[in-house]
Each structure stands twice: as C-alpha cells, then as structure tokens.
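Undergrad: Next input, structure requested:
(one chain, ligands or ions: 1)
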Amino acid sequence: MTTYKVGYIVGSLATASINRKLAKALIRLAPPDLEFVEVPIKDLPLYSYDYDADYPAEGRALKDALASVDAVLFVTPEYNRSIPGGLKNAIDWASRPPGQNSFTGKPSAVIGASPGKLGTALAQQSLRLVLGYCNSPQMTTPEAYIQTSPGVVTNDGEVTDVSTARFLQKFMAEFRMHIDRVLAHARPSESGHSERRQARHLAGTAGARNSRSRANR
Ligand code: FNR
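TA: Numbers count the residues shown, from 1 in each chain. Next comes the predicted model:
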C-alpha cells in the first residue's frame, strides 16, 4: 500500500485550541499508512501581492512545506461564521505568486470543532469555497461538524467518547481513499501524459465551447 504524507493546518493560533486537540486525535485515529506533518501558519506576515516578486522566508517555508506533502488536512474553528483570518491569510500566501498556486491538484479534507451546535459548518462552507477556487480536489463526504464539550478530546488527542472516535476514524479512512483516488488519477499514463492534464484540457475545451454557446444565445 502506498504511504501518503499529509500536511495538516490548524486554523486556530490559540495555545489551548480545541482544533489542535482534534488534529492530534485525527492523527492518532488515521490509517497507519498516512504520515503527518504540521504546516505552520502563525508566523506568516499579512499577505500582499507586493511580496510576489520576492517572498519572505515565512512565505517560502509555507510553499516548501505544501510542496513536500501529498495532501492537506484543514482542521479549523469557526470565527464569526467564517474561517479565522490567519487561515485565510495562509491560503492567500500559498495560492501565489500567480501561476504557482500550491493547492492545484492537491487533495484536501476539511474538519473543525466548536462548542456550538453548528460545529463549524459555516466556516467549512467558507473554506470549501476558497479551496474550490484554489483548485484543490476536496473530499466531499463524510462532512464532519464536531461539537465538542470539555474532556471529549484530551490534550494529547485521546477521544474519550467511543462513537466520536469511531466517526473520526472513518473520516480519516475515507480521506485516505480520497487521496488515493485523486493521486492515482494524476499518475502519468502510458503515453507519458498526465491523465489529469488531459482531463483538464478536455474540460477547458468544453468550457470554451459552453461559453461560446452562451455568448450566441
Ligand atoms: C468564536 N467562536 C465561534 N463559535 C462558533 O461556533 N461560531 C462562530 O462564529 C464563532 N465565532 C467566534 C469568533 C471569535 C473571534 C472567537 C475567538 C470565537 C467560539 C469558538 O468556537 C471557540 O472559541 C473555539 O474554542 C475556537 O476554536 P479553537 O481556537 O479553540 O480551536
């Protein structure tokens, strides 16, 4: 079985973050052939395209970290019904300079925890919109809106509730299969061309045809 390297991004910068605990839990419950490395975001300056010609060390480190992983797992809180500013800032850095978007073709999954009943549902919808634009093939199901109460996930990432643990384990198993599907499709075919690239070309042709027919309406 292929081993995949997963970069995980915790959307919270707080030291006592419940989402950081959730990330630890997900790592513990993941299939053994997934390796994890954190992609840190907290030292990034605020992004501006003034940096595009010469990224600072923090921006380069982020791009290098993302280039070194097969897939990205986002574990994020919901702030004011959206994703935290620090996470959006990191995605903006990663998506640039123009033509060097780190998320293109990189499989991803989204999950988050909050004490509230919605369990970060709206933040996840915001994040999915952003990742769609960034051309990251996202796992669509299962969705995982985790409502936590104190003690359900310990500081070390142990999940004390059996049904929650089972669900998180299934989520990670599905993520592994998603990574496999996306990357298998991207592997070079016998003709030496990436099937993914061919698929994109066909999609582009269809897109151009559609916009032409729309214009003719
Ligand atoms: C929150 N919180 C929150 N919760 C929620 O379910 N929906 C929301 O829109 C918000 N908005 C929000 C804004 C800001 C600025 C803060 C600091 C908090 C509460 C949030 O879920 C709670 O603080 C979690 O502990 C945040 O996750 P981390 O940072 O501990 O991982």
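Undergrad: Have a look at this structure and report its longest helix.
TA: In the chain, with assignment by DSSP state H, the single longest helix is helix 162-186.
Undergrad: Which residues of the protein lie near the ligand?
TA: Neighbours of the ligand within the chain, by Cβ under 6 Å from any ligand atom: 12, 14, 17-19, 77-81, 114-116, 118. Just so you know, the C-beta spots here come from the backbone N, C-alpha and C atoms, and that holds for glycine as well.
Undergrad: can you do 8 Å?
TA: Residues of the chain found near the ligand (Cβ under 8 Å from any ligand atom) are 10-14, 16-22, 76-82, 84, 112-120, 122-123.
Undergrad: what's the spacing between the longest helix of the chain and its chain's center?
TA: 13 Å (Cα atoms, centre = their mean, to the nearest Å).
Undergrad: what helices or strands is that helix leaning on?
TA: Contacts defined by 3 or more Cβ pairs under 8 Å, 6 or more residues apart in numbering; DSSP states H and E place helix 162-186 against strand 4-10, helix 18-29, strand 34-38, strand 71-75, strand 108-114, helix 195-216.
Undergrad: Which among the residues of the chain next to the ligand count as buried?
TA: 10-13, 17-22, 76-79, 82, 84, 112-114, 119-120, 122-123 (16 or more other Cβ atoms under 10 Å).
Undergrad: re the thing from before, lowest average confidence across the helices and strands packed on helix 162-186, which one?
TA: Lowest mean pLDDT of these: helix 195-216, a mean of 40.
Undergrad: Okay, now the unreliable bits of the protein?
TA: For the chain, the stretches flagged by pLDDT under 70 are 187-217.
Undergrad: Can you give me the buried ones in stretch 81-100?
TA: Neighbour-count burial for stretch 81-100, counted by 16+ other Cβ under 10 Å, picks out 82-84, 86-88, 90-96.
Undergrad: would you turn these into TSV with secondary structure?
TA: Below are the buried residues of stretch 81-100 laid out as TSV (DSSP: H, G, I helix; E, B strand; the rest coil):
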residue	secondary structure
82	strand
83	coil
84	coil
86	helix
87	helix
88	helix
90	helix
91	helix
92	helix
93	helix
94	helix
95	helix
96	coil
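Undergrad: Quick one: the residues you listed as CSV, columns for distance to residue 143 too.
TA: Listed next are the buried residues of stretch 81-100 as CSV, based on distance: Cβ to Cβ, whole Å:
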residue, distance to residue 143
82, 17
83, 16
84, 19
86, 23
87, 18
88, 20
90, 22
91, 20
92, 25
93, 27
94, 23
95, 24
96, 29
